[in-house]
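> I would like the atomic coordinates for the input below:
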Amino acid sequence: MMRAQASAFPVLLARSERPTCAATADALLAAGIQVIEVASTDEALSYLASRSDIRLVIMEIDMPGCLSGLGLARFVTRRWPHIGASVLGWPGEPMPSLQPTVTFLPKQCPPSSVAEQV
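Reported below is the predicted structural model:
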């Protein structure tokens with residue numbers, strides 16, 4: 001689902017928990033950021049392959065689809081190094097295979113705090 005609002009670039013929000021991410025999307029929109037919401041890593045990869053204007057992907061750590069949220073972060077930073085990756089949630093163990101540019105935010109982070117990170 002695409003929520004239209006003018007911004008310099010759209011943010012791709014990959015979410016599995018609808019209420020949490022709806023609040024995050026609303027906070028991003030309130031900050032003037034265009035949001036593209038997807039419900040799986042498969043959808044996220046489809047958007048990333050077909051659009052050149054996305055500069056940030058925010059994803060939950062556990063996602064449905066062909067990859068986990070961590071797998072999506074890993075793939076995005078390797079395939080599209082110009083696209084940032086932020087993960088909502090903490091990994092259970094260290095993730096040395098992730099690029100140091102991947103950021104982690106607490107899953108229960110206030111949505112306005114997520115918008116400030118963008």
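> quick one: the helix or strand hosting residue 48 to chain centroid distance?
According to DSSP states H and E, residue 48 maps onto helix 41-50. The chain centroid and the centroid of helix 41-50 are separated by 12 Å under Cα atoms, centre = their mean, to the nearest Å.
> which parts of it are buried?
Across helix 41-50, burial judged by 16 or more other Cβ atoms under 10 Å covers 41, 43-45, 47-48. Every residue, glycine included, has its C-beta placed from N, CA and C.
> got the angle for the following helix or strand past it vs helix 41-50?
For helix 41-50, the succeeding helix or strand toward the C-terminus, using DSSP H and E, is strand 56-60. Per axes from the mean of the first three to the mean of the last three Cα atoms, to 10 degrees, the angle that strand 56-60 makes with helix 41-50 is 180 degrees.
> quick one: residue 13 and residue 97, what's the gap?
23 Å (Cβ to Cβ, to the nearest Å).
> With residue 33 instead?
29 Å.
> before we move on, what about residue 38?
From residue 38 across to residue 97, the span is 23 Å (Cβ to Cβ).
> related to what we said a few turns ago, redo the buried residues of helix 41-50 as TSV? Include pLDDT.
TSV is the format used below for the buried residues of helix 41-50 (pLDDT from 0 to 100):
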residue	pLDDT
41	95
43	96
44	97
45	97
47	96
48	97
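> In the chain, mark out all the helices, start to finish.
Remark: helices assigned in the chain by DSSP state H are 18-30, 41-50, 69-79, 111-117.
> got a list of what the most centrally placed residue in the chain touches?
By Cα atoms, centre = their mean, the chain has its centre lying nearest to residue 58, at 1.3 Å. When contacts are counted by Cβ atoms under 8 Å, 6 or more residues apart in numbering, residue 58 touches 11-14, 24, 86-88, 114.
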